[in-house]
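**Q** I would like the atomic coordinates for the input below:
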Amino acid sequence: MKASPPRHISVAAYYYPCTHPHPRWDKAKYPGFTEWDLVRSARPRFSGHLQPNAPLWGYEDESDPLVMARKIDAAADHGLDAFIFDWYYYNDGPYLEGALDRGFLQAANNDRIRFAIMWANHDWYDIQGYNPADPCKLLYPGAVNEATWEKITDRMVETYFAHPSYWKIEGKPYFSIYDMSVFLDSFGSVEQARLGLDRFRENVVASGHPGLHLNAVLWGEPNLPGSRTPTDWPRLCRDLALDSLTGYTWVHHGALNEDTFPTSDYSWGRDRYLAFLDHALTCYPVPYFPNTTVHWDNSPRAHADACWDKPAAHVVNPVMTGNTPAAFKEATRLIANRLIATEKPQPYILTVNAWNEWPEGSCLEPGEKFGLGYLEALQELFGPTGEIIASPLRTPAVPV
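**A** Next up, the predicted model:
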């Protein structure tokens with residue numbers, strides 16, 4: 001019998017750009033605010049709670065190309081192929097774009113790793129320092145008008161897709177949509193949304209690409225205010241001509257056990273996700289790219305006066321425990337092996353939550369407790385000599 005060819009897995013981590021100044025932060029909070037302020041001032045909410053969770057490299061400005069260059073090198077050296085930037089654009093313009101536009105795109109070594117866009121088109125509520133006892137204030141609605149959609153797609157094609165480091169699947173630029181319900185609200189119907197996407201696809205092809213790889217983030221349990229999810233994803237995949245689905249975090253699939261509040265076992269959450277994954281790899285008409293999650297601790301976003309007697313949306317959640325680098329490695333191994341074993345023809349892609357979700361505790365980026373432990377776990381799995389066949393995309397460091 002002829003041996004099966006090696007199955008290379010590409011590993012892409014979500015990048016949340018919350019640690020650089022922005023005029024919107026200044027307006028909503030105070031001049032110079034970033035979410036580093038929340039991370040730095042976080043305190044334990046219960047016995048044994050590890051807070052503050054300090055970054056090993058300090059509280060750096062990610063929009064500095066030199067700061068970003070160190071992140072790129074660490075990611076590439078430890079088995080990552082791509083950063084998927086959470087990218088924000090509302091009817092009144094962009095938000096938190098500095099990490100990508102000034103940091104990544106101006107870093108001298110940005111050829112070492114690919115980058116892609118996940119349009120984080122959810123409603124932006126004021127949850128930075130939120131007390132669930134108070135109303136949650138909507139700052140920026142996620143739904144956009146047609147003129148804004150055209151600005152977004154033009155920017156994708158002209159600025160990002162044209163960059164030599166942009167991530168492509170089978171030659172097609174990868175573009176992901178976070179909140180499909182809000183996306184449909186922008187157009188008013190599935191039919192109008194399809195027309196908007198088809199215009200985007202035509203623009204991409206006209207610019208010289210063979211097409212667009214359109215991905216959507218799938219979830220069952222939203223963790224942000226106002227978030228909803230469509231009910232008939234298989235039909236939506238066909239109606240919108242989606243190319244793939246993926247996840248953002250296990251928390252979207254019931255990975256937090258509220259019965260054990262204020263903690264939730266990491267392995268319990270892993271097993272909940274694995275049960276969902278067995279379904280997702282076979283039951284959708286398009287490929288599903290699995291997700292692996294480092295951790296969850298959303299408490300830095302909670303106001304100091306927030307009550308911790310019971311769970312409360314959207315910042316008083318159970319905190320994952322037992323999420324050591326070894327546990328993360330084993331979870332990622334199990335997920336990757338399920339991906340390799342699937343009989344459905346598809347690209348072998350794994351997303352990771354996250355590179356730097358510091359306010360939610362999910363960080364591959366080194367912290368004081370485990371150092372480079374999570375990155376080393378990825379390297380042991382997907383590095384050049386890793387236990388699982390890694391993607392050939394990564395490039396070695398250039399000697400200085």
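**Q** wait, doesn't Asn298 sit right on Val315?
**A** Yes - the pair Asn298 and Val315 qualifies as a contact (Cβ atoms under 8 Å) at a distance of 5.2 Å. No exception for glycine: its C-beta is placed from N, CA and C like everyone else's.
**Q** Please enumerate the helices of this protein.
**A** Using DSSP state H, the helices found in the chain span residues 23-28, 36-41, 65-77, 98, 146-155, 180-187, 190-206, 233-239, 266-283, 325-341, 373-382.
**Q** Below-threshold pLDDT in the stretch 1-150 of the chain: ranges please.
**A** 1-7 (pLDDT under 70).
**Q** ranges for the strands of it?
**A** 10-15, 82-90, 93-95, 114-119, 124-125, 138-140 (DSSP state E, counting those that start in this stretch).
**Q** The longest one pairs with which strands, and in what direction?
**A** Looking back up the chat, that one is strand 82-90. Strand pairing for strand 82-90, using DSSP bridges, gives strand 10-15 (parallel), strand 93-95 (antiparallel), strand 114-119 (parallel).
**Q** From the chain's centroid, how far away is it?
**A** Here strand 82-90 is found 8 Å from its chain centre; the criterion is Cα atoms, centre = their mean, to the nearest Å.
**Q** Kindly report the same for the last one.
**A** What separates the centre of strand 138-140 from the centre of its chain is 21 Å, taken as Cα atoms, centre = their mean.
**Q** So which other helices or strands are in contact with that strand?
**A** helix 23-28, strand 124-125 (3 or more Cβ pairs under 8 Å, 6 or more residues apart in numbering; DSSP states H and E).
**Q** The shortest one now?
**A** Helices and strands touching strand 124-125, as assessed by 3+ Cβ pairs under 8 Å, 6+ apart, comprise strand 138-140.
**Q** who's in contact with the strand it packs on?
**A** Residues from elsewhere that reach strand 138-140 (Cβ atoms under 8 Å, 6 or more residues apart in numbering): Arg24, Ala28, Tyr90, Asp92, Tyr95, Asp123, Trp124, Tyr125, Asp126, Pro225, Gly226.
**Q** Report the buried members of the residues you listed.
**A** Buried members of those, counted by 16 or more other Cβ atoms under 10 Å: Arg24, Ala28, Tyr90, Tyr95, Asp123, Trp124, Tyr125, Asp126, Pro225, Gly226.
**Q** can you tell which of the helices of the chain is closest to Val319?
**A** Ranking the helices of the chain by proximity to Val319 (Cβ to Cβ) places helix 266-283 first, at 10.2 Å.
**Q** Quick one: mean pLDDT for the closest one?
**A** For helix 266-283, mean pLDDT rounds to 96.
**Q** same for it, what does it pack against?
**A** With 3+ Cβ pairs under 8 Å, 6+ apart as the test, helix 266-283 has strand 288-289, strand 291-293, strand 319-321, helix 325-341 packed against it.
**Q** can you list those in JSON lines and add mean pLDDT and mean neighbour count?
**A** Shown next, in JSON lines, are the helices and strands packed on helix 266-283 (pLDDT from 0 to 100; neighbours: other Cβ atoms under 10 Å):
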{"stretch": "strand 288-289", "mean pLDDT": "98", "mean neighbour count": "24"}
{"stretch": "strand 291-293", "mean pLDDT": "98", "mean neighbour count": "27"}
{"stretch": "strand 319-321", "mean pLDDT": "98", "mean neighbour count": "23"}
{"stretch": "helix 325-341", "mean pLDDT": "96", "mean neighbour count": "18"}
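**Q** could you dump those to TSV with distance to Leu350?
**A** What follows is the helices and strands packed on helix 266-283, written out as TSV (distance: least, Cβ to Cβ, whole Å):
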stretch	distance to Leu350
strand 288-289	7
strand 291-293	6
strand 319-321	19
helix 325-341	6
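**Q** what about the stretch 151-300 of the chain, any weak spots by pLDDT?
**A** 222-224, 226.
**Q** Phe183 and His122, how far apart?
**A** According to Cβ to Cβ, to the nearest Å, Phe183 and His122 sit 10 Å apart.
**Q** Please disregard the earlier target; I meant Thr34.
**A** Here the criterion is Cβ to Cβ. By it, Thr34 lies 20 Å from His122.
**Q** who wins for proximity to Thr385 among the helices and strands packed on helix 266-283?
**A** Nearest to Thr385, of those and by Cβ to Cβ, is helix 325-341 at 15.1 Å.
**Q** and Ile117, how far is that from Pro17?
**A** Relative to Pro17, and taking Cβ to Cβ, Ile117 is found at 11 Å.
**Q** more neighbours, these two?
**A** Pro17 (26 against 23; other Cβ atoms under 10 Å).
**Q** For the more buried one, give me its contacts.
**A** Neighbours of Pro17 in contact, by Cβ under 8 Å, 6+ apart: Glu62, Phe85, Asp86, Leu96, Glu97, Gly98, Ala99, Leu100.
**Q** ok, the second one touching Ala116?
**A** Yes - in this structure, Phe85 is within contact of Ala116 by Cβ under 8 Å, at 7.1 Å.
**Q** what sits in contact with each of those two?
**A** Common neighbours of Phe85 and Ala116 (Cβ under 8 Å, 6+ apart) do not exist.
**Q** on that earlier part again, nearest to Lys369, of the strands of the stretch 1-150 of the chain?
**A** strand 10-15 (19.0 Å).
**Q** about what we covered before: next, format the strands of the stretch 1-150 of the chain as JSON lines and append distance to Ala327.
**A** Shown next, in JSON lines, are these (distance: least, Cβ to Cβ, whole Å):
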{"stretch": "strand 10-15", "distance to Ala327": "18"}
{"stretch": "strand 82-90", "distance to Ala327": "23"}
{"stretch": "strand 93-95", "distance to Ala327": "34"}
{"stretch": "strand 114-119", "distance to Ala327": "26"}
{"stretch": "strand 124-125", "distance to Ala327": "31"}
{"stretch": "strand 138-140", "distance to Ala327": "36"}
